[in-house]
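>>> requesting a structural model of the entry that follows:
(chains A and B)
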Amino acid sequence: MARTVAPVYDPQLIEPRWRAAWKAAGLFRVTEDRSRPKFFHMVMFPYPSGPLHMGHFRNYVFGDTFARYKLMRGYNVLNPFGWDAFGLPAENAAIQTGIPPRVSIEKNIAISKHELEIMGIGFAWDREIATSSPDYYRWTQWLFLKFYERRLAYKRMASVNWCPKDNTVLANEQIVNGVCWRCGTRPTKKDLEQWFFKITAYADRLLDDLDKLDRWPERVRVMQANWIGRSHGAELAFTVEGQEPIRVFTTRPDTVFGVTFMVLAPEHPLVARITAPAQRHAVEAYVERTRSETEIERLSTEHEKTGVFTGAYAINPWNGERVPIWIADYVLVTYATGAIMGVPGNDTRDLAFARKYRLPVKEIVSRSPRPAGTVEGTVLELDQGYAVNSGPYSGMPSRQAFEAIAAEAEKRGIGVRTVTYRLRDWLISRQRYWGVPIPIIYCPDHGIVPVPETDLPVVLPENVEFRSDGRNPLLFVEDFVNTTCPRCGKAARRETDTMDTFVDSSWYYLRYTSAREEREPFDPEKASFWMPVDQYIGGVEHAILHLLYSRFFTKVLHDAGMVAVDEPFAALFSQGMILRHGAVMSKSKGNGVEPDQIVERYGADTGRIYELFIGPPDQDAEWNDRGVEGISKFLHRVFRIVVGEEEGSPHQGQPVGEVELLRSLHETIDKVTRDIEAFHFNTAISALMILVNRMQDYLRGGGARNEAWATVAQGLTRLLAPFAPHLAEELWERQGGRGLLTFGDWPSVDPALLARSLVTVVVQVDGRLRDRIEMAAGAGEDDVRRRALESERVKRALAGRSVARAVLVPDRLINLVSA
RNA sequence: GCGGCUGUGGUGAAAUGGUAAACACGCUAGGUUCAGGGCCUAGUGCUCGCAAGAGCUUGGUGGUUCGAGUCCACUCAGCCGCACCA
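Now for the predicted structure:
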């Protein structure tokens, strides 16, 4: 390409040229090169929804900057990308427009890819994946079969949230404010046979291993821990006349003497059997009513507790008391045993229920070993109180009573210590078309039969008719549904549900390690070479779902001997969102800024640096068009100063000589390096601005463009490379640099050049700043103190008092404490 | 209710327990073969003062310390997550 000599910084001219150069050089193309340390770097892959906006780009800019930096540090960087290409939006678009999902997805991918390219975001494109490609989803199906073999995939009847308008199940997270997130319809409950992954079998490990993830944001770990929700307690049995006992779960067995009623979930199997004839009508009506409510509604705090007495009584084996059995919708059949013991004396929910239905309240926990005589409604935690009115356990600290009662229950065979989780099994069936077909066949003789591995992939038929009623088009594809049993060859029916798209994204990082592998989902050797992901970057909206599912997958595959690691992501960074006009940037709100606009007007480098400088990377930031202008000016200034337009014009600041200039460079190298490692991109940019200001001061003070200058200019250029890669390459070439800077070395700090001979020491009197003095570096306390006391300002502040003692921070500060 | 995060100039923000407000935006004044824009210079937390200077200042109240935006306790406000999970 012809060399262009631009008198001014012209991004339009220089940027395409360098992108072509990187492409030719194979930026981020890697192999399992053992001569360099590996670094597996990933940004979360997106759903290809069409044009991206600068809000999306923050993620990619951080990632690209970090990956380029690691490359310059000499790492063998695996930096792949792909597309989470299955999902409902493409299917809905197909229903409305008739454009097949594959067509719209491919178009969107092309658009997004172009935008990434013009922003200079580099990836290992030779490893690009799309979850909707048969090359990929056949292995998603294969993994499903592995889970099935290991009894981690199973089918059962489940009461699910069903959107009657869209004709599909909704995951709990897809119900927003009690209605379907898509169409606003109130979902109903429906009993359906659904496929689940048994994530609960891994609950303990998923929770305990969070401790290993010391390079994850605290908030994400906390959210996952809450989601798993492990509770230690006991299951206790209460006898019912003429029936099997009711088993309840409680985290507070020490409060068992305070039971004044029992509550069963309305769906509890015992309800029908124990209900007294007189209450049957009321109970049945109540059960019917709760069935029409969603779990979300039932669990809402504002929802007033309601319930109905069954007419039956249970006996509390601990004190022989006879207590009424109620049913109430605040007890969930899906959690623990679906039944509770009502202890209004130390539980706010039970207290509210007891007050509403005038049930007795007993004090059984007190702040002191003696009863206070009142129950005020504050719950005392296990290590805050003492058991009272509790028979032989009275007076014990609650924790001790917990242990004693649990032990006694086990001895008497009326209870057992146990652990319960809030986490439930992962419902992966979706009554949707645009997803991975679940590789299962239903045979009239053999029931559920997995598709043999050799028959994979079960290809998703693409010539289908989309129905306006939203029913899964697969149901009507005869060729697909009608098949034969792999065991007996008889006519059989294929599963038409597809998998939740979170299954697709639960293993894509492994696929990246050998993206073109044809015999297995990934090459175990390559996977063990690259795993774990050393740095993962993505939005906090995936704090639970995707990140928890991926951890689960990794553990399962670890147990199956397929991967060495049991945690996929060693370090996680969750970036803040970009807002504009006070709202998250989005196409629907019309407040998006598109990369094309930025690239055309200012160049990609300006857009990149602006997104880095806008604020702390982990916090949300407001987009400001003026701020973009500011960055553009900065880059123009960098260009002029390095390329040689800028000359000195006099100013009043401190003169900057060669020594100061070189020191500034090394201070900047030090600062920028530490800032990138810590993901403090905003301060890294400000450090670069400071260096450029110093360079300007040097020239204005008459400094020559000599060898020292060239060293600093080249140093600046290298430091700029991860942030503004196009400009850096251009400057590098104009300075006579060899090869591509992107593949060059990151500069290192020379501690000798950081040293100062003269330092400014701050003088405080009684902790208040009074003066600053110039001292030789390394001056001792006596010298500094003597010089400080010579200061008129210091004398005035002391006002004749003597100095009782002095605190010296070498080369920085002395504090004179007056008598 | 539980948990997490955040409170600093007009704005975005910076600050290993050691000069609060770096860097930038904005603004003011001036310069520029100066329409505008750009570029350059000086200034810009608040109060008093012509100035020199003095005092005040990191949501609030206390505490630890020679010294606190930073650590501790309590408290207020905002944001986020979970939320009748027994």
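>>> give me the three-state assignment for the nearest residue to residue A:701 once chain neighbours are set aside.
Closest residue to residue A:701 in three dimensions, ignoring its sequence neighbours and counting by Cβ to Cβ, 6 or more residues apart in numbering: residue A:655, at 4.4 Å. All C-beta spots, glycine's among them, are computed from the backbone N, C-alpha and C. Using DSSP: H, G, I helix; E, B strand; the rest coil, the structure places residue A:655 in coil.
>>> I'd say residue A:655 and residue A:699 touch.
No. Because the distance of 11.4 Å does not satisfy Cβ atoms under 8 Å, residue A:655 is recorded as not touching residue A:699.
>>> out of these two, which sits in the more crowded spot?
The residue with more neighbours, out of residue A:655 and residue A:699, is residue A:699; 19 against 12, by other Cβ atoms under 10 Å.
>>> quick one: pLDDT of the residue in the stretch 501-650 of chain A that RNA strand B sits nearest to?
For the stretch 501-650 of chain A and RNA strand B, the shortest gap (Cβ to the nearest atom of the strand) falls at residue A:630, measuring 2.8 Å. pLDDT, residue A:630: 93.
>>> how about residue A:31?
95.
>>> ok, residue A:299 next?
At residue A:299 the predicted local confidence, pLDDT, stands at 55.
>>> got it, and residue A:175?
Predicted confidence (pLDDT) for residue A:175: 64.
>>> same check, this time on the one 5 residues further on
Residue-level confidence at residue A:180 comes out at 68, pLDDT.
>>> about what we covered before: count the neighbours of the residue of the stretch 501-650 of chain A closest to RNA strand B for me.
14.
>>> look up how far residue A:224 lies from it.
39 Å (Cβ to Cβ, to the nearest Å).
>>> again, but for residue A:810
Counting by Cβ to Cβ, the gap from residue A:810 to residue A:224 is 45 Å.
>>> could you check which of these two is surrounded by more residues?
Set side by side, residue A:810 and residue A:224 show unequal neighbour counts under other Cβ under 10 Å, the larger going to residue A:224 at 20 against 15.
>>> is that one in a helix, a strand, or coil?
Residue A:224 carries the three-state label helix when classified by three-state DSSP.
>>> residues in contact with it?
When contacts are counted by Cβ atoms under 8 Å, 6 or more residues apart in numbering, residue A:224 touches A:206, A:207, A:210, A:543, A:544, A:547, A:548.
>>> against residue A:569, how distant is the third one?
Okay, so that is residue A:210. Remark: distance between residue A:210 and residue A:569 (Cβ to Cβ) = 12 Å.
>>> same check on the fifth one?
In this structure, residue A:544 and residue A:569 are separated by 14 Å, where distance is defined by Cβ to Cβ.
>>> more neighbours: these two, which one.
Taking neighbours as other Cβ under 10 Å, residue A:544 and residue A:569 compare with residue A:569 leading, 24 against 16.
>>> from what I see, the more buried one and residue A:533 are in contact.
Yes. Taking Cβ under 8 Å as the contact criterion, residue A:569 and residue A:533 are neighbours in contact, 4.8 Å apart.
>>> shared neighbours, these two?
A shared contact of residue A:569 and residue A:533, defined by Cβ under 8 Å, 6+ apart, is any residue touching both; here these are residue A:509.
>>> poorly predicted segments of chain A, please.
Residue ranges of chain A with pLDDT under 70: A:1-7, A:171-184, A:293-303, A:645-654.
>>> export stretch A:565-584 to PDB, keeping only CA atoms.
Taking Å, rounded to 0.1, in the frame of the first residue of the first chain, the C-alpha atoms of stretch A:565-584 are listed here in PDB:
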ATOM      1  CA  VAL A 565     -10.000 -27.800  35.800                       C
ATOM      2  CA  ASP A 566     -13.200 -27.700  37.900                       C
ATOM      3  CA  GLU A 567     -13.800 -24.000  37.600                       C
ATOM      4  CA  PRO A 568     -13.900 -22.400  34.100                       C
ATOM      5  CA  PHE A 569     -13.100 -18.700  34.800                       C
ATOM      6  CA  ALA A 570     -10.200 -17.800  36.900                       C
ATOM      7  CA  ALA A 571     -10.800 -14.100  36.800                       C
ATOM      8  CA  LEU A 572     -14.000 -12.300  36.000                       C
ATOM      9  CA  PHE A 573     -14.500  -8.600  35.300                       C
ATOM     10  CA  SER A 574     -18.000  -7.200  35.100                       C
ATOM     11  CA  GLN A 575     -18.100  -3.900  33.300                       C
ATOM     12  CA  GLY A 576     -20.600  -1.100  34.000                       C
ATOM     13  CA  MET A 577     -23.100   0.000  31.400                       C
ATOM     14  CA  ILE A 578     -23.100   3.100  29.200                       C
ATOM     15  CA  LEU A 579     -26.100   5.400  29.700                       C
ATOM     16  CA  ARG A 580     -27.200   8.200  27.600                       C
ATOM     17  CA  HIS A 581     -29.800  10.800  28.500                       C
ATOM     18  CA  GLY A 582     -30.100   9.000  31.800                       C
ATOM     19  CA  ALA A 583     -31.000   5.600  30.400                       C
ATOM     20  CA  VAL A 584     -29.100   2.500  29.300                       C
END
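>>> how far does that stretch sit from the chain's center?
6 Å (Cα atoms, centre = their mean, to the nearest Å).
>>> so which residues on the stretch 501-650 of chain A come close to RNA strand B?
Neighbours of RNA strand B within the stretch 501-650 of chain A, by Cβ under 7 Å from any atom of the strand: A:540, A:543-544, A:613-616, A:619, A:621-622, A:624, A:626-627, A:629-630, A:633-634, A:636-637, A:649.
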